[in-house]
Structures are given as C-alpha cells and as structure tokens.
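> Next one to model:
(2 chains)
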Amino acid sequence: MTEVKSPEVPAPPAAVPAELTPQPGRWHRVRPYLPLVALLVAAILPYSTLQLPGIFEGPLNSPGTLQLLAICLIFGGLAAGYDLLFGRTGMLSFGHALYFAAGVYGTDILVTRAGLPLWQAALLTITGGAILAALLGAVALRTVGIAFAMVTLAFAQVGAILVARDFGGLTGGEEGLPLDVSGLPDALVGVTNTVNLYWLALAYLAVVVFVVHRVSGSPTGRVLAGLRDDERRIGVLGLDPYRYKLVAFTLAGGLAAAGGVVYCLIVGGASPHITSSELTLSLLVMVVLGGPGTRWGPVLGGILYMYLDHRLTAFGTSDAVDSLPAVLSRPLSQPLFVLGTIFILAVYFFPGGLAGLTSRLTLLRRSLRLPTPRSPR
Amino acid sequence: MGTVILLTLTGLGLAALYFLVASGLSLVFGLADVLNFAHGLFLGVGAYATWWAAGNLPGAGPDGFGFVLAVAFGVAAGTLVAVLVELVLIRPLYSRTIEQVLVTVGLSLAGVALLQATWGADARPFPRPEWTRGVTGILGAQVPNGGLLLIIAAVLVLGALLAFLQWTRYGLVIRAGVENREMVTALGIDVRKAFTLVFAIGGAAAALAGALGGVYFGTVSPGQGSSLLIFAFIVVVIGGMGSVLGSAYAAVAVGLLQQFVNYYGTSGLGDICVVGLLAAVLLLRPQGIAGRVATA
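Numbering: from 1, shown residues only, chains lettered A, B, ... in the order given. Take a look at the predicted model:
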C-alpha cells in the first residue's frame, strides 16, 4: 500500500523567476504602505455621507450600512484565521464554526446569564475558546487528511446539538439568546453607536491579519508551510508535526473565538445558525475564493462573501429578478445557489482565487504585449 | 420488555437509513478517495423526485404499485444526478482530492439552495401508502411500519451489494481498486469506469434512503440530507473506509446507541454519545471496524 501524501494545496514558488518579477513601477515605493492606507481609509469611512446607490442602501455612515460592513470585516478576519489552518498549514478542518460559536455563545452566556462585565467575559471566552481548540485538536490531530476533516465536523456537530437542545437552559435553544445590554459600556450599546462596533470589527480584522502575518513569517510559520508541502520531510528533520499543528489549531481557534466576541456585540446576541456546519463550509468557500495561503486573499474573500450573501438576498427580491421567468428568478433569489455556483467555477477556473487573479492578468497582459517589442532591435 | 424491543427496532430503522447513505459514501471514498459532501444532495433529489412523481407522474401514486413506481422514479433520478456529477464535475479533477472535496462542498450548498428555491424551505408532507402509517405488533411492541420497511430495504440492499461485490467482474474490480488502485490501473483496467459505477450505486442507495426516509418521517425538506450526512460520515469512519460490511456493523452500533441513550438519557445525549464512540474508535482503532487507515 503506497499512500503518497501529495501536497494538495498548490505551493507558492520558492523564488519568482526573473522574467516574472514585475519591473519596479511607480507603485513600487508605495506598496508596503498600502495596507496602512487601506486601514486609514476604512477607519475614516464612517465620517463620509457618500451615497452609493445599488451598493449600499443608505449613506455610508448610516447604522445599517455600518453594521453590514462590520459583519463583513469580522468574516474577513475569520477567513484569515481559518486560512492559518487551511491555506498555510494544509489542515482541512470542517469544524471551525465551533470556536466562533463558542466565542459568540460564551460572551452571551457570561454577560447575560452570569452578569459578568464585558472585559472579563471577553477574556474568559477567548481563553476558553483556545483551550477548547487545544483539547479537541489534541484528539482530532491523531488523524490526518480526510479523516481529520470528518472528525472536526463531528465535534462541531456536538456543539450544534448542545446549543440546539439547550441543556440547562443556557443557550436559549432554537430561539437563540439576545444579549443583555444593561451591563455593557454605553459606547457599545444602541443604534447611534454602531460606528464604535464598526471600529471594533476593524480592529479585530487588523489584529488577525497582523497575527497571521507575524506567525507565517516566523520560524514556526516556516515549519507550518513545510507541513503543508511535505509532512514527512518535517518529521525527518526531527520536528514533531503534531505539536506544530496543534499550535496552529489552537491559535486559529482562539482567533475565531475572539471574532465571536465582537460578532456577538455587533449582532446583539447569538442564534443557533452560527453553529451549523454550513458556516464552516462558507469559511472554506471564502478562503478558496480569496486565495488560500495569501495575505489578503482570505480577507477579501471573507468580506466579499458576506457582502454578497447579504446583498444577494436583497437582489433576489428586487424587481429586476422578479420580472425574469420563474426558472431563473427562483434560483437567483437563493444567495447560496449563486455563491455555490461561483465557488465551483472558481475551483475549476481560478485555483488561486482573487489573489491569484492579478498575477494571471499580468501574465495575460505580458503575453499580449510581447510580440510588439520584438520587431526592430 | 416491549420498550426494549421497540427501541431496538426503531434503532435498527435509523441504522438502516444510515447504512443506505453510508454504504455509497464508503465505497466512493474507498475507491475514488472522494469525500462526497454532495451525497446529501442525492438523498434530497431522491426524496423530492419521489414526492413529485407520486403527484404528477402518470401511473404513479401514493399507494400500492403507484408508490413503487414513484420510488423507482426517485431512485432513477438520484442515480442520474450522481452519474452526471461524477462525469461532469469529479472526473476532470481526478486524483486532486482537496479540489474534489471543494467541488462537492460547493455542489451541496448550491444544490440544497436549488431544491429550496424550487420547492420552498418548509417541510412538505410526504405521500405514503396507508399501511406505512400503521404499526405492527412484534413481541408486545408496537413498531411503526415505516421503520420496518427501511430495515427490509437496507437488508436487501446490503445483500445485493455484497453479492455484486463478491460474484461479478465489476465487483471484483471495485474490491481490488479499494485495496490498491495503482495496481489495478497497472493491470490495464480502466478504474474510472468503476468510479462512475460506484457513484451510481451510491446515488441510488442515497436516493432510496431519501424516498424511504420520507415515508419514515412523513415529511420531506431540503435540509434533510445534510443532517443525515454528518451521521453517515461518522458511520463511514467507524466502519472503515471502503468496507460495505463495516458500514453495516457501524450503522447498527450507531443507530442503537443513539436510540437507547436518547430514550433513557436526555434527548440529544445519544447524538453526543455517537461522537464519543467515534473519538474512542479513532483513538483505539484508527482503521475502523473493517477497512484501511484513512489517509488523505
């Protein structure tokens, strides 16, 4: 029986061939600062009253738009955290929603049922989420590959059952559990303060991107990339794959739990649909759409996915779709149908996701331009 | 005593449902290394096609021979969808495991949404023969007939599958392919034909599970497949990848455990015990009851 552990995730090339290195253009010097500029623009966005008809329903600083943006940012961060597992370490986990849900329900229960102040609840929840990830990861990581995927899926299912069956009356079962806002800081409560929640979500995204960036640049990150490409080789080098994977799994679980804390504040409670395996599957979709293993791909994928998920619902009930024949309008009114189809197409035609698109377009442009300078030399 | 027998038989009914879903999954995974998330979709297609046929297909109906025709139509629809999925979507990604999983994930999301778009998100009453609503007295227990029907169907499918695998040429190819695919290919046999066949078998079994599950539960809804799928995955892992008999044993163990603990403990505790069983099996015997070690 020769089981070849092939690296399924396409690895980035070790060194970019000389002819592919882009010429230092006029953006060359500005490039390292672009993330900061983007962060700044995102931070001052709520001060703008710009109307973007068709893209958002109200002006940019209306609470509805800000809440949608905040949710998009959270999922950008979640996808980036999940990419630490899938894109950077090559672990296909189907149970990541569990740690996010642990964050949401943990905060909600500690604040609403136990009456703790928010900062204590948040701290306890994030620690608890990381410990949960470490414990479950310790069992699940004894398997590899597809079996690992199934085991994490099964663990997440236990979480979903626990929440839905409402043991001890803690989770509120099918109805979910609204957050008791009386104990929260005033700045985080009420429709007029949505902007603060937006900044909180932005800060969460920035922290996740920073952590993932630092981890993947560190020696540990090199080992994780090595595990993705060839686990046996890492073992031969004398490093224990199990421990490194467990570190990545725990870290990703903690980040997801932190995202759950912020999400709970933004949405103002917890509902059982966040425990469903569908959420993990959509995280996977976000990462693959954005480009696994890249710095900005998963973030963009997460933001875009959540945006489309929300807006396609509105688009599906709009007049333009309703006037179509029923064969077309009914599937189009289901966001998941559209997103699932886009996802399948992306797997076939854009394996690198959004992040791979630029280099593909550059290649295309080059190949179109090449014949011209060849004539007189 | 009556309670124990009732619980045993309803547990076996649940096990039959799991087995019908898991046997196809297990064969597909064992042979083609595809973790098929779209399997729940085949189940949904089977259920909805049966439901549709009972109301609209001439000659088919909710009772007697018409019902058999409706179920046959549902199974045919499930098989057709499974074969199309294999030919169009899975085959181009041959031996790229992760991409195949991703495609089936996308398919399960889009397919369930499509079912929902066509027939609505709410559960619909399933047309079923009058006698399946009744109960049969067995040793003092009143057992619902729908569950007995499931058990009989699962036993027949198990027998047919084992006979097919044991005594036909394609069964031999599939068994050999599960054991060592490279060697079968090296002997000049086109394993990919066997892939399509295995998908067709799995799709048919899942569609049958959808139709009979509709009879058992009395309703049909788009999400039914995905909730069953997770337990079917657990059954596959416990039973061992690629082993039909292992799936059968594991399905019985999981079904009985779930039913008994849910009755004697709190509702929902049985589902958690099943995951506990999965963890125990993985720690003690990673290759499952019968089968090879699950690797990527």
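> Does residue B:271 touch residue B:262 like I think?
Yes: Residue B:271 lies in contact with residue B:262 (C-beta atoms under 8 Å); the separation is 7.5 Å. Backbone N, C-alpha and C define where each C-beta goes, glycine included.
> And these two? Which one has more around it.
Between residue B:271 and residue B:262, residue B:271 has the larger neighbour count (other C-beta atoms under 10 Å in any protein chain shown), namely 25 against 19.
> give me the element the more buried one is part of.
Here residue B:271 is covered by helix B:269-284, with elements defined by DSSP states H and E.
> by contact count, what packs against that helix?
The contact analysis (3 or more C-beta pairs under 8 Å, 6 or more residues apart in numbering or on different chains; DSSP states H and E) places helix B:269-284 against helix A:118-140, helix A:145-165, helix B:224-239, helix B:244-264.
> from those, which stretch is densest packed?
Of all these, helix B:224-239 carries the top mean neighbour count, a mean of 26, counting by mean count of other C-beta atoms under 10 Å in any protein chain shown.
> what distance separates that helix from the centre of its chain?
How far helix B:224-239 lies from its chain's middle: 8 Å, per C-alpha atoms, centre = their mean, to the nearest Å.
> Now do that helix, average pLDDT.
Averaging pLDDT along helix B:224-239 gives 83.
> Per-residue pLDDT of residue 274, please?
Went with chain A since none was named. Listed pLDDT for residue A:274 reads 85.
> not quite, I wanted chain B
With respect to pLDDT, residue B:274 has a value of 86.
> now residue B:191
So residue B:191 comes in at 82 (pLDDT).
> Tell me how many other residues surround it.
Residue neighbour count, defined by other C-beta under 10 Å, stands at 19 for residue B:191.
> What of the one 3 residues further on?
Burial of residue B:194, expressed as a neighbour count using other C-beta under 10 Å, amounts to 24.
> Isn't it up against residue B:31?
Yes: between residue B:194 and residue B:31 a contact is recorded at 6.4 Å, counting by C-beta under 8 Å.
> element containing the residue lying closest to residue A:132 once chain neighbours are set aside?
Leaving aside its chain neighbours, residue A:132 sits nearest to residue A:102 (5.7 Å; criterion: C-beta to C-beta, 6 or more residues apart in numbering or on different chains). Element membership for residue A:102, per DSSP H and E: helix A:96-108.
> okay, the angle between that helix and helix A:118-140?
Relative orientation of helix A:96-108 and helix A:118-140, computed by axes from the mean of the first three to the mean of the last three C-alpha atoms, to 10 degrees: 150 degrees.
> Chain B versus the residue nearest to residue A:132, what's the distance?
Per C-beta to the nearest C-beta, to the nearest Å, residue A:102 is found 16 Å from chain B.
> give the contact list for that residue.
A:125, A:128, A:129, A:132, A:159, A:257, A:260 (C-beta atoms under 8 Å, 6 or more residues apart in numbering or on different chains).
> okay, the closest residue to residue B:232 other than its chain neighbours: pLDDT?
Distances taken as C-beta to C-beta, 6+ apart put residue B:21 closest to residue B:232, at 3.9 Å, once the chain neighbours are dropped. What the model reports for residue B:21 is a pLDDT of 90.
> what pLDDT does residue A:4 get?
On the pLDDT scale, residue A:4 gets 49.
> same deal with residue A:177?
Residue-level pLDDT assigned to residue A:177 equals 82.
> With residue A:25 instead?
For residue A:25, pLDDT reads 60.
> Likewise for residue A:261?
92.
> and it, how many residues sit next to it?
The tally of other residues near residue A:261 (other C-beta under 10 Å) stands at 25.
> Ok, residue A:260 next?
29.
> same question, residue A:345
Residue neighbour count, defined by other C-beta under 10 Å, stands at 11 for residue A:345.
> next one: the one 3 residues further on
The burial count assigned to residue A:348 is 13, neighbours taken as other C-beta under 10 Å.
> and the one helix or strand it maps to, which residues are buried?
Under the criterion of DSSP H and E, residue A:348 resides in helix A:335-349. Of the residues in helix A:335-349, A:335, A:336, A:337, A:338, A:339, A:340, A:341, A:342, A:343, A:344, A:346, A:347 count as buried by neighbour count, 16 or more other C-beta atoms under 10 Å in any protein chain shown.
> State the mean pLDDT of stretch B:81-89.
The average of the pLDDT scores along stretch B:81-89 is 90.
> Stretch A:46-59 too?
74.
> Which phi and psi values does residue A:178 adopt?
Main-chain dihedrals, residue A:178, degrees, to the nearest 10: phi -70, psi 150.
> The nearest residue to it once chain neighbours are set aside and residue A:109, how far apart?
The shortest distance from residue A:178 to any non-neighbouring residue, by C-beta to C-beta, 6+ apart, is to residue A:269 (4.0 Å). Residue A:269 is 11 Å from residue A:109, where distance means C-beta to C-beta, to the nearest Å.
> so what sits against both of these two?
Each of residue A:177 lies in contact with both residue A:269 and residue A:109 under the rule C-beta under 8 Å, 6+ apart.
> which regions of the chain sit below the pLDDT cut-off?
Since no chain was named, I'll use chain A. By pLDDT under 70, the low-scoring segments of chain A are A:1-28, A:54, A:316-327, A:370-377.
> meant chain B, my bad for not saying
In chain B (pLDDT under 70), the answer is B:59-62, B:286-296.
> Give me the three-state assignment for whichever residue of the stretch 51-200 of chain B sits closest to chain A.
For the stretch 51-200 of chain B and chain A, the shortest gap (C-beta to the nearest C-beta) falls at residue B:110, measuring 2.8 Å. Taken by DSSP: H, G, I helix; E, B strand; the rest coil, the conformation at residue B:110 corresponds to helix.
> Next one: the closest residue to it other than its chain neighbours relative to residue A:64, how far apart?
Nearest residue to residue B:110, sequence neighbours excluded (C-beta to C-beta, 6+ apart): residue A:340, at 2.8 Å. Counting by C-beta to C-beta, the gap from residue A:340 to residue A:64 is 26 Å.
> Can I get the helix or strand hosting residue A:72 as PDB, trimmed to CA atoms?
Residue A:72 belongs to helix A:63-86 when assigned by DSSP H and E. Extracted in PDB, the C-alpha atoms of helix A:63-86 (Å, rounded to 0.1, in the frame of the first residue of the first chain):
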ATOM      1  CA  PRO A  63     -26.100  52.400  11.000                       C
ATOM      2  CA  GLY A  64     -27.400  49.700   8.700                       C
ATOM      3  CA  THR A  65     -24.500  50.100   6.300                       C
ATOM      4  CA  LEU A  66     -22.000  50.200   9.100                       C
ATOM      5  CA  GLN A  67     -23.400  47.100  10.600                       C
ATOM      6  CA  LEU A  68     -23.200  45.200   7.300                       C
ATOM      7  CA  LEU A  69     -19.600  46.500   6.900                       C
ATOM      8  CA  ALA A  70     -18.700  45.400  10.400                       C
ATOM      9  CA  ILE A  71     -20.100  41.900   9.800                       C
ATOM     10  CA  CYS A  72     -18.100  41.700   6.500                       C
ATOM     11  CA  LEU A  73     -14.900  42.800   8.400                       C
ATOM     12  CA  ILE A  74     -15.500  40.100  11.100                       C
ATOM     13  CA  PHE A  75     -15.800  37.500   8.500                       C
ATOM     14  CA  GLY A  76     -12.700  38.800   6.700                       C
ATOM     15  CA  GLY A  77     -10.800  38.300   9.900                       C
ATOM     16  CA  LEU A  78     -12.400  34.800  10.500                       C
ATOM     17  CA  ALA A  79     -11.400  33.700   7.000                       C
ATOM     18  CA  ALA A  80      -7.900  35.000   7.600                       C
ATOM     19  CA  GLY A  81      -7.700  33.000  10.800                       C
ATOM     20  CA  TYR A  82      -9.100  29.900   9.100                       C
ATOM     21  CA  ASP A  83      -6.500  30.300   6.300                       C
ATOM     22  CA  LEU A  84      -3.900  29.700   9.000                       C
ATOM     23  CA  LEU A  85      -5.200  26.200   9.100                       C
ATOM     24  CA  PHE A  86      -6.200  25.500   5.500                       C
END
